[in-house]
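Trainee: coords below, sequence missing:
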């Protein structure tokens with residue numbers, strides 16, 4: 001992983017509780033949340049604003065995947 005942001009106590013606790021509910025480790029839960037966001041957020045807006053076109057093939061906002 002290239003960058004690991006720190007979570008606040010509040011958000012870390014939230015992630016932990018979601019992970020318990022999904023019966024998954026927190027790392028997998030965070031990945032699931034990002035996949036869900038990729039399905040719900042306006043992908044056109046994200047793609048237009050993107051500053052790194054090198055990972056489009058793997059991006060959750062790429063509708064060609």
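Mentor: Sure thing, it's come through. What you see is a predicted model, and the numbers here were worked out from it, not measured in a lab. Numbers count the residues shown, from 1 in each chain.

Trainee: which outside residues touch whatever helix or strand residue 45 lives in?
Mentor: Residue 45 is part of helix 43-49 when elements are defined by DSSP states H and E. In this structure, residues lying in contact with helix 43-49 by C-beta atoms under 8 Å, 6 or more residues apart in numbering are 56, 61, 62, 63. (Glycine included, C-beta is placed from N, CA and C.)

Trainee: Count the residues that sit near the nearest residue to the second one once chain neighbours are set aside.
Mentor: Of all residues not flanking residue 61 in the chain, residue 43 sits nearest, at 4.1 Å (C-beta to C-beta, 6 or more residues apart in numbering). Other residues lying near residue 43 total 15 when counted by other C-beta atoms under 10 Å.

Trainee: before we move on, back to that, select only the buried ones of the contacts of helix 43-49 in PyMOL?
Mentor: This is how PyMOL selects the buried members of those, with burial counted by 16 or more other C-beta atoms under 10 Å:
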select buried, resi 61
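
Trainee: out of the contacts of helix 43-49, who's nearest residue 14?
Mentor: Nearest to residue 14 out of the contacts of helix 43-49 is residue 61 (C-beta to C-beta; 23.1 Å).

Trainee: Alright, that wraps it up for me.
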